[in-house]
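Asks: just to be clear, the model below is a prediction. Sequence and coordinates:
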Amino acid sequence: MTPHVIPTRGLEEAYDGVFFDGTRKWHTVGVDDVEQAMRDLRESPQDARRPLDFTWDAGAKRLAEYLEAL
């Protein structure tokens, strides 16, 4: 089953006063989308993505697998 993710509604200019000056963009999400993702996770916690899924090693492995499939 696909891991739970929160769908995005698009991109908007990113400002935070430290790292982003409006020349970059970040994803926007709606409150309803976050609530639904939390309900989905409560109903099937076994599908949650683990923090280890977001390491450099995990990302490099996924990239290598993608490139090998080309």
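Replies: Perfect, thanks for sending it.

Asks: can you dump the C-alpha atoms of stretch 61-70 in CSV for me?
Replies: Taking Å, rounded to 0.1, in the frame of the first residue of the first chain, the C-alpha atoms of stretch 61-70 are listed here in CSV:
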residue,chain,number,x,y,z
LYS,A,61,19.1,4.2,-3.2
ARG,A,62,15.7,5.3,-4.7
LEU,A,63,17.6,7.4,-7.2
ALA,A,64,19.9,4.5,-8.2
GLU,A,65,16.9,2.2,-8.6
TYR,A,66,15.1,4.7,-10.8
LEU,A,67,18.2,5.3,-13.0
GLU,A,68,18.8,1.6,-13.4
ALA,A,69,15.2,1.1,-14.5
LEU,A,70,15.6,3.7,-17.4
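
Asks: buried sites along it?
Replies: Using 16 or more other C-beta atoms under 10 Å as the test for burial, stretch 61-70 gives no buried residues. Yep, even glycine has a C-beta here, placed from its N, CA and C like the rest.

Asks: give the rounded mean pLDDT of that stretch.
Replies: Averaged over stretch 61-70, pLDDT sits at 93.

Asks: and that stretch, how far from the chain's centre?
Replies: When distances are taken as C-alpha atoms, centre = their mean, to the nearest Å, stretch 61-70 is centred 19 Å away from the chain's centroid.
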